[in-house]
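Enquirer: Here's my sequence, what's the structure:
(2 chains)
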Amino acid sequence: MAQEETAKTNGGPLKAFYKFFTSFKLATIVLILMTIVTLFGTLAQVEKGLFAAKEIYFHSIWIVDKVGNFPVFLPGGGLLMVILFINMSLGAIVKVRKRWKGAGMLISHIGMLMLFAGAFVTWGLGTDGYMALYPGMKSDRVESYRKWQLEVMPLNEDATANEVWILPSDELSSIGYGEQRSYTTDELPFEITVSDYAPNAMPTPISAPVAASAEAREIDGFKLLPQQKAKEAAANIPGCYVDFKPKSAEGEEIGAILSAYSFRFDPGEKPMPFVFEYDGQKYGALLAKKSWHVPFEVQLDEFIFDRHPGISMARNYESRVTRLETDKEEKPLEIKMNEPMRYAGYTFFQESFGPAGSQPGDRMYSQFAVANNPADQWPLWSLVVTTIGLGIHFVIMLVDFIVRSRKQRTQAAS
Amino acid sequence: MKLKLALLLPLIAGITGLASAREVPQVDLESYEPWDPQIVETFENLLMQESGRVKPVYSYSRFTLLQFSGKTSLSFGTKDGVTHKLHYSEWMLDVLFRGDVAKSLPVFVVDDSAAIVQIGVSPKAKRDRYSYSEIVEGRSKLAELSAQYAEKQRKYLDSEKDRQYELGRIEGMILTLGRNISAFEYLVGQFSFARKGELLVNENILPQEMVQLAATLDPVEMMDRMPEMSMQQLMQAIQQPDNGSEDARMFTSALRLFFFYANSARGLNLIPPQEADNEVWLSASDAMLTGLESKEARPWAIEQLKGVQALVQASTQDTETFNAALIEFSDNQRAQAEARGEGKHASLEVQLYRGKYFTNALVMFILGFIIMAISWFSPGSKFGRIMLLIAGIFAAIGLILDIYGITLRSIIRDRPPITNLYDTVIFITGTAVLLGLLIEYFTRLGVGTLIAIVSGMLGMFLSIKYEAKEATDTITQLVAVLDTNFWLATHVTIINIGYAAGLVSALIGMLYLGGRFILNLAGNDAKDFFKLLTRMNYGVVCFCLFFSLVGTVLGGIWANYSWGRFWGWDPKENGALMICLWTLVMLHGRMAGWIRDLGIHMNGIMLGIIVTFSWWGVNNLEVGLHSYGFTEGVMPALYKSWGIMGIFILMGIWLFIDERGKKAAKKAEREAKKVETQPDPA
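Expert: Okay, the predicted model is just below:
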């Protein structure tokens, strides 16, 4: 931050802009607002859960919300961070008077800017998902925690599919309950109409009183009833109605309720798509988690799970894996808490295990968080730079304080 | 001076007198025979496994009594007019070996007599302690209500805390009492299998013929002659209806009794396992079932159980015999544990609790405070300076005791100083005291000593209160993610140093505002002193920023290694961020000219509020990945602390308004003078 604000105001709008964005006052206001936003964003997590609160408070331009009965109207965390980044860049790096006494501050601000830059890169380019494997299984497929997509596929005789038509998750989730959108593709002989997408929904038999009285479309004795969103976004089970209308005049329109319940919850299970037949060809439709592939396979050889003696608390869980890559030697590795595997831009973390309620001796799967973050190590470098900067600055200040105190004491004594 | 001392001394005497004048509860015992000190010492050094680690019975006894009673000692009077004070080890000896005596001792604390009324027992005072014998008449009602409230609590947790399932205050008390009574029954009935019919608890649930059988049947000898049976087979056998034959009926009764004994003997894991690769210690119950299940393991199981039987039988004889049996049991147990590499720090743990380092540190800080208060009667004089120095020495002794206790705890668990919330209290207290003493070293004004003493008193008091509230072992095992000494030693330690600095800043702020407020009322003005306090606080804020920022970023880097992301806006992360942000607000606000002397101190107090929110408040939210730090029931205390700090901020606002008013008046006066001195144009 600039040591002194000496800019004159009589330099036109550009200079006024420069003065505004380099001022300590702006920095102070933004920091106060950041503190308030952080406080409300923290309290909001109790009611809304982490993911929703994060989106509303920290990844936003404006915040219009309620915490309990308290209305919150504030600039969003995203906006504040951008302003602070500009303020720091211009005020603390460009405008600041360069002198030895201020070297520590200059260095520490450079460190903080690196941290911010890392945050922006992660936000813009980073991906995260998970891979769950039972011992003996291998995969290169990473699945999203929260994003669901619609998959429609012609099925082979053995119920496998060679090609899949995908309605991407962003498009799917933008279809609100009460709305509908139609899609056509050359690969499929029917038009697909998706309606009433709900991020958390339950197909309910009409024999249940709650379904009988609900105003919702009924298919095969079931209605899709939207549910309150779970606090943990990953726990939501989305659902929607899908209609398949033949492009030709012949053939019947087929309607179905698709629920994410049909997708597997355990890596050992297989998804159960809605299967229908058109013109002698079987098709499957499914709500599946968005997924992508990493450029190598990971095979789980052994999952080790230890509890502290006599109690249920996990002491350690680790996975012995083999990394498999075409034209490369197989690489046996260990992935455990605090010791991830970093390779080819991807990082595999030992995240959790399952199924829930497993006891020692049960067959268990291991779940890895898989992140791809170009700015993975930037915080570490930023920390080193910031610590050096702050260290230099505060040592100078401490010496100054001690010298002054001694002088004052000497004066008082005399 | 003498007059002031004369006023102070009766006050201290009055306070101590009040403390000792509390009425000691009378129990329904003719007399009480204390345990021989030798027996107590041998007993408390016995080993057991609990909460995932091997520890001395001493620790277990301490936290069990704390859980039941809210205290670590027990006072009562007997009918012979004698007053007794029991240490927790003595009480545990009574529970395990003299159950009838233990049942008469008032150990179960009930905070509101309404809970007692609900289970159909005659209440005593509003908050009082009851013996098992007093509670037992409402035992069935207590069991019924406890089960009902336990189910309600389960629903509350399963429903992501749906308010309709939240336990009321009295319901919570009944549930706790029910659990404590049940735990007590298990302890008292622990060695029933070795007592030949002296069942002590729950005898009314057994049919008469089984009670008679218990007087003659030795379950250990019975096991020796039994066929191999799994737990499931045993359950099936005892549930089979009698087929009429006397032998079959006797056999089923014997099996039922065996099951009853095995069930009663659960929980107290005193027996190291036979296999070297098995880490789980066994209770007498486990040994009985292991022996029943496998003929191969049976000789070993019988040997272990006979060891316990010998101990129990010796407890009914003279002191020497019991002590000899205890020593034999202990030596055998220690030899096995040593061979397994377990319990190596058990003696150190006994030393930790026996030394009462944190309580003694509190005493030192209180004495330091009293001496410091005496120094205020003659500030600046030679006497005052000597008193100040002595107060500083007491603070330093308190700090040494705190550090010694922390060091012992670190050695016992082979970990850095902080692994749980309790550790943060004693660590932050030590850091704040050290900061205070360092400030004193540099400034020699008495302010640093005062900060050290006040931090020490508050912190040690908090550690004692928190330990009593939680009433569980504070040397805990770590969840998998915390199993890293590197990150515990760096991130956790550094961030807590930052917390300590934030709290010291708040204390300096309160001292400044309180001092200026009082002196302002008295019309005094000690500008230089207050200027120095401001510089002091500014330095502490910078110190806080350095450690909070480095600690927070280190935490992010750790999270990037363990959870796969640097920052997740988790409440604990946000708390640390808020501390960094507020220190930056203070420093930038000062550079902007918005924050001056008063502002530094008012914001320092605000920083203290944010630190307490980050330290305790976010744990109470029970959201996020830092689940190992969750706690509950701390909000009332937190609100009180924020209320107190808020009062000081109000003082600051009043001072600010007053200051502005005075400045405006001076300005008006100057301008009026200017007008007067200007020549009249006319």
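Enquirer: Can you give me the neighbour number for A:Glu163?
Expert: With neighbours defined by other CB atoms under 10 Å in any protein chain shown, the count for A:Glu163 comes to 9. (Each C-beta comes from the backbone N, C-alpha and C, glycine too.)
Enquirer: Please report the distance of it from chain B.
Expert: Using CB to the nearest CB, to the nearest Å, A:Glu163 is found at 32 Å from chain B.
Enquirer: Would you list the phi and psi of the residue in the stretch 301-414 of chain A that chain B sits nearest to?
Expert: Across the stretch 301-414 of chain A, no residue is closer to chain B than A:His308, which sits at 3.1 Å (CB to the nearest CB). Here is the backbone geometry of A:His308 (degrees, to the nearest 10): phi -60, psi 150.
Enquirer: looking at it, it is touching B:Gln477, isn't it?
Expert: Yes: here A:His308 reaches B:Gln477: they are 4.6 Å apart, a contact under CB atoms under 8 Å.
Enquirer: Now for those two: what residues contact both?
Expert: Between them, A:His308 and B:Gln477 share these contacting residues under CB atoms under 8 Å, 6 or more residues apart in numbering or on different chains: A:315, B:51-53.
Enquirer: give the contact list for the residue lying closest to B:Lys295 once chain neighbours are set aside.
Expert: Distances taken as CB to CB, 6 or more residues apart in numbering or on different chains place B:Glu228 nearest to B:Lys295, at 5.6 Å, with adjacent residues excluded. Applying CB under 8 Å, 6+ apart, we find B:Glu228 in contact with B:292-295.
Enquirer: you'd agree A:Gly102 is in a helix?
Expert: Yes: membership of A:Gly102 in a helix is supported by DSSP: H, G, I helix; E, B strand; the rest coil.
Enquirer: And the residue of chain B closest to chain A?
Expert: B:Gly52 (3.1 Å).
Enquirer: where does that residue land on pLDDT?
Expert: In this prediction, B:Gly52 carries a pLDDT score of 92.
Enquirer: Check whether it really touches A:Pro309, as I assumed.
Expert: Yes: taking contacts as CB under 8 Å, B:Gly52 lies within contact range of A:Pro309: 5.6 Å.
Enquirer: give me the number of residues near residue 75?
Expert: Went with chain A since none was named. The burial metric for A:Pro75, expressed as a neighbour count using other CB under 10 Å, is 17.
Enquirer: Chain B was what I was after
Expert: Close neighbours of B:Ser75, defined as other CB under 10 Å, add up to 15.
Enquirer: go on, A:Lys98?
Expert: Neighbours of A:Lys98 using other CB under 10 Å come to 9.
Enquirer: For A:Leu113, see how far away it is.
Expert: Taking CB to CB, to the nearest Å as the measure, A:Lys98 falls 16 Å from A:Leu113.
Enquirer: ok, now B:Lys141?
Expert: Relative to A:Leu113, B:Lys141 is positioned 67 Å away (CB to CB).
Enquirer: Mind checking which of the two has more residues around it?
Expert: Comparing B:Lys141 with A:Leu113 by neighbour count (other CB under 10 Å), the higher total belongs to A:Leu113, at 19 against 15.
Enquirer: Would you verify that A:Met272 is located in a helix?
Expert: No: according to three-state DSSP, A:Met272 belongs to no helix; its state is coil.
Enquirer: could you measure A:Arg146 against A:Val121, distance?
Expert: Separation of A:Arg146 from A:Val121 (CB to CB): 21 Å.
Enquirer: Looking only at neighbour counts, state which of the two leads.
Expert: Residue environment comparison for A:Arg146 versus A:Val121 gives the larger neighbour count to A:Arg146, 18 against 15, counting by other CB under 10 Å.
Enquirer: give me every residue that touches the more buried one.
Expert: Residues in contact with A:Arg146, defined by CB under 8 Å, 6+ apart, are A:51, A:233-234, A:236.
Enquirer: Report the buried residues of the longest helix belonging to chain A.
Expert: Of all the segments of type helix in chain A, defined by DSSP state H, the longest one is helix A:378-413. Residues of helix A:378-413 classed as buried under the neighbour-count rule (16 or more other CB atoms under 10 Å in any protein chain shown) are A:378-380, A:382-383, A:385-387, A:389-390, A:392-394, A:396-397, A:401, A:405, A:408.
Enquirer: what does stretch B:457-471 give?
Expert: By 16+ other CB under 10 Å, the buried positions in stretch B:457-471 come out as B:457-463, B:466-467, B:470-471.
Enquirer: of the residues you listed, closest to A:Phe190?
Expert: For A:Phe190, the nearest member of the buried residues of stretch B:457-471 is B:Glu470. The distance, counting by CB to CB, is 63.0 Å.
Enquirer: what's the closest one sitting at in phi/psi?
Expert: Listed backbone geometry of B:Glu470 is phi -70, psi -40, with angles given as degrees, to the nearest 10.
Enquirer: swap in A:Val321?
Expert: Backbone torsions of A:Val321, given as degrees, to the nearest 10, read phi -130, psi 160.
Enquirer: pretty sure it is touching A:Pro332, no?
Expert: Yes: using CB under 8 Å, A:Val321 is in contact with A:Pro332, at 7.4 Å.
Enquirer: so what sits against both of these two?
Expert: Where contact means CB under 8 Å, 6+ apart, the residues bridging A:Val321 and A:Pro332 through contact with each are A:Asp301.
Enquirer: pretty sure A:Ala288 is in a helix, no?
Expert: No: A:Ala288 sits outside any helix when classified using three-state DSSP, being strand.
Enquirer: What values do phi and psi take at the closest residue to chain B within the stretch 151-300 of chain A?
Expert: Of all residues in the stretch 151-300 of chain A, the one sitting closest to chain B is A:Lys231 (6.2 Å; CB to the nearest CB). Backbone geometry at A:Lys231, expressed as degrees, to the nearest 10, gives phi -60, psi -40.
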